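A predicted structure for the sequence below; I have some questions about it.
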Amino acid sequence: MRTSLCLLLAATSVVARAQFSPSEQLYFRTFAAPYQITGGYIEPHWMEDGNRFWYVEGSSGAAHAMIVDPVANTKSEMLDPDRVNAALSKALGYQPKATGLPFSTFTLEPGEQSIRFSFASKDFILHLPGYAIESARPAQPTPVPRFIRHGIMALVPDVYEKASPDGDWLLGSAGGNLYVRPALGGKERPLTQAGVRDNGWDAEDAQWSPDSRTIIAAKSDERQVPEYPIVDWLEPLDRVVSVRLPRIGYPKASIQTELIDLSTGRTKPIQDSSDLRWIGWSPSGDPVAVRSGLKRVGFVVVDQNTGKTRDLFSETTPTFFDLALSLPNSPNYTPVGRDRFLWLSERDGWNQIYLYSFAGKMIRQLTSAQKPVSRVLEVDLNHGWIYYTAYGGPGRPYDIQLYRVSLEGGESTRLTDAQGVHDGSIYLAFIGDNRSEGIRFSPSKRFFLDTFSDVNRAPETDLRTADGKLLAVISKADGTPFESLRSPPREFTAKAADGTTDLYGVMYLPHGFDPARKYPVIDAIYAGPQTTWVSHNYIGVSTAFDQAVANLGFVVVSVDARGTPNRGKAFQDVVYMNFGRNEIPDHVAVIKQLANENSYIDESRVGVFGGSFGGYFTLRAMLQAPDFFKVGVALSAATDLRLLSPGLESYLGDPVANKAAYDYASNLLLAKCLKGRLLIVHGTSDVNAPFSGCIQMIDALEKAGKAFDLILLPEQNHIPQGEAQSYYLLALKRYFEHNLVTNGEH
């Protein structure tokens, strides 16, 4: 789903190839430029008083350790590089080659009077303030969880052993059974024995109790789940590996969850656990879960002594629950002291914070503004504050700002003032987007660090008091490497196809942009209903990719249409039972308005590209608006929603009862409408958007007598890697240049 960001990572490995033309060099240099930006982000290490912190600027050999005291509002060097190098040279017998600190990582020892660091494969202790250095025994090794298996789908994290909260044990799984082993070495011990392949336990969804005494784990019977073949085509003899792949309308896994006592290995079945999704633990140590359905969710507490469930409350919706609020480690639930918790709900049309007791009684609604809450960040019980982030509201709905509200209720107060993004997307963080915009509170909760950016403002980290007062700018990024390769992108507002709803997007202009010229326009589309796609921060999910394509001589447009989240329930509900109906008309309406307002946009030459759902909607654009979109490049495209995982039932319901809605959303049934130039790119090992869907699209186009182009990436999954990735990037470049600039002329 996050194809653009993943492609950006690999593009950096090919930028220097001498055989590339100047335009190709610029293309790949643009991908790589974000990684040359310095400053703006810091990693704070909070000190024992709960207020001060230190961080490191620069890399080994030129690093500087800075210490910040928010109470005194001072910032100074924590370590004198000259004294460190002088002391280290005595210990080594030679002078380190360094203009700053010769190391960029270290730990502050308890008592904060010495640091531990490594240099030249040796461990040292540096005593402060005298700068005496002595050799040190290697630090006690940190337990390293072992790799268990890769995630079945791309973007699903690999599975590793899970460390217990006390750090003493590692939980893993093999052959359908669970085991534990001592974290610092020792023999592993089986926890379960009755599991087998396709009917057993897996460590992926298992959880430790906060006291490290109990494990909650599910035995999953997948024997009725459809098998999907993945073919290894590159071996001398073709090899087929089958995976269990849930599909819409087919049997799902049967799940029974158990409470497992670590010391005895005894298990207790949890009552009615087949539809429970585990989201945390209560302050008393009981597991907390959501009983989830398409139109109903219930909040459930499990008695860890008996396994009996207690339903505290439930809520229903006439449409669907936002998938981004139903992820593992759900942001919906936050404990407050011993007997209360916060709950996020869209029940009034906007994602709001509600205060509940563990008796299941709603105490009060804490937020009520018509802007969706993103997540709860901190609870300050001593002063009665809830700190949370929320989307921006009218005019700038995709900005994310920090607010606080009293546990007693009342008006919320905004604590950040600069426009832009002050926190990351919950959904994108779940699938691995590690952008550094965000709020980090001091342990004392008296101060916070605010890292933010917008499309034309490079990242900056500010230090503020808990009430939002600016104390200092800690770090500003130098965006020169990226700025030198682009014209400033432009945010815009346009009307949706309904003529009423405002849509917000970003327009990327080519390097050396000349407003007197006419440029072809390319729609960089995603449009999936579970996340927004447009990057309103400086280096976002699609920024470098969209700018790289623009630098080929195009205007690239990115917009989030109706049916996507973070604009309130009514805005997202447009997709319900209407998947594939409004997205492309909205994108067409936006591009037409931009062309009317900007003479440099050539509406007669419009292209579209995207991956995953972006691939689905690229196909949709070429088939649903064939006279408007002339060229499309669809990567890893879903073709018919019935081929995908059951999560999409949220939007279209049962595929039998709602066959007409699924038929309308199928691209296979529109193959006869193709007019323009279409390039389909698909990995043969893709299971997110199964390769079988690509084959069915090929079949539909051939039966319709339609010409198209095809690139298959052998044994690549949903996100091409390595040489296959480079091949795709160059194919996309050349396809648009040949068909949208020269109109296919040789």
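Happy to help now that I have it.

Could you pull out the buried residues of the helix or strand where residue 694 lies?
For residue 694, the host element (DSSP states H and E) is helix 691-703. By neighbour count on 16 or more other Cβ atoms under 10 Å, the buried set for helix 691-703 is 691, 693-694, 696-698, 700-701. All C-beta atoms are positioned from the backbone trio N, CA, C, and that covers glycine.

what do you get for stretch 59-67?
Buried residues in stretch 59-67 (16+ other Cβ under 10 Å): 63-67.

Would you mind naming the helix or strand containing residue 595?
helix 583-597.

Dump the buried residues of stretch 59-67 to TSV, plus pLDDT.
As requested, these are arranged in TSV below (pLDDT from 0 to 100):
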residue	pLDDT
63	94
64	96
65	97
66	97
67	97
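
of all those residues, which two lie farthest apart?
Greatest spacing in the buried residues of stretch 59-67, by Cβ to Cβ: 63 and 67 (13.8 Å).

What is the very next helix or strand once past the helix holding residue 694 packed up against?
Using DSSP H and E, the helix or strand that follows helix 691-703 in sequence is strand 709-713. Counting contacts by 3 or more Cβ pairs under 8 Å, 6 or more residues apart in numbering; DSSP states H and E, strand 709-713 packs against strand 677-683, helix 722-736.

now what about stretch 114-123, what contacts it?
For stretch 114-123, the surrounding residues in contact (Cβ atoms under 8 Å, 6 or more residues apart in numbering) are 79, 88, 92, 96, 102-103, 105-109, 124-128, 135-139.

Okay, and which of those residues map to helices?
Assignment to helices by DSSP state H places the following of those there: 88, 92.

Give the PyMOL command for selecting the buried subset of the contacts of stretch 114-123.
Buried members of those, defined by 16+ other Cβ under 10 Å, are picked up in PyMOL with:
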select buried, resi 79+88+92+96+102+103+106+108+124+126+136
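
JSON lines for the buried residues of helix 691-703, including distance to residue 498 and pLDDT?
Below are the buried residues of helix 691-703 laid out as JSON lines (distance: Cβ to Cβ, whole Å; pLDDT from 0 to 100):
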{"residue": "691", "distance to residue 498": "37", "pLDDT": "96"}
{"residue": "693", "distance to residue 498": "30", "pLDDT": "97"}
{"residue": "694", "distance to residue 498": "33", "pLDDT": "98"}
{"residue": "696", "distance to residue 498": "32", "pLDDT": "98"}
{"residue": "697", "distance to residue 498": "30", "pLDDT": "98"}
{"residue": "698", "distance to residue 498": "35", "pLDDT": "98"}
{"residue": "700", "distance to residue 498": "30", "pLDDT": "98"}
{"residue": "701", "distance to residue 498": "31", "pLDDT": "98"}
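
buried set for stretch 273-281?
Neighbour count says stretch 273-281 has 273, 276, 278-281 buried, by 16+ other Cβ under 10 Å.

Out of those residues, list just those in strands.
In strands, judged by DSSP state E, the following of the buried residues of stretch 273-281 are found: 276, 278-281.

what's the closest of the buried residues of helix 691-703 to residue 388?
Taking Cβ to Cβ as the measure, residue 388 lies nearest residue 693 of those, at 39.4 Å.

OK, contacts around the closest residue to the closest one other than its chain neighbours?
The spatial neighbour of residue 693 that comes closest, neighbours along the chain excluded (Cβ to Cβ, 6 or more residues apart in numbering), is residue 639 at 4.0 Å. Going by Cβ under 8 Å, 6+ apart, residue 639 touches 616, 619, 666-668, 689, 693-694, 696-697.

quick one: residue 639 and residue 665, what's the gap?
For residue 639, the distance to residue 665 (Cβ to Cβ, to the nearest Å) stands at 10 Å.

C-terminal to the host helix or strand of residue 632, which secondary structure element comes first?
Using DSSP H and E, residue 632 maps to strand 631-635. Downstream of strand 631-635, the first helix or strand assigned by DSSP H and E is helix 649-652.

Which strands or helices does that next one pack on?
Using 3+ Cβ pairs under 8 Å, 6+ apart: helix 649-652 touches helix 659-665.

Identify the residues contacting the helix it packs on?
So helix 659-665 is in contact with 577-581, 640-642, 652-653, 655, 669, going by Cβ under 8 Å, 6+ apart.

Looking at those, which is nearest residue 174?
The closest of the contacts of helix 659-665, once distances to residue 174 are taken by Cβ to Cβ, is residue 642, at 34.1 Å.

quick one, what contacts that closest one?
Listed by Cβ under 8 Å, 6+ apart, the contact set of residue 642 reads 247-249, 655, 662, 666.

The same query, at a cut-off of 7 Å, please.
Taking Cβ atoms under 7 Å, 6 or more residues apart in numbering, we find residue 642 in contact with 248-249, 655, 662.

Quick check: longest strand in the protein by residues?
strand 601-611.

Cheers, nothing more for now.
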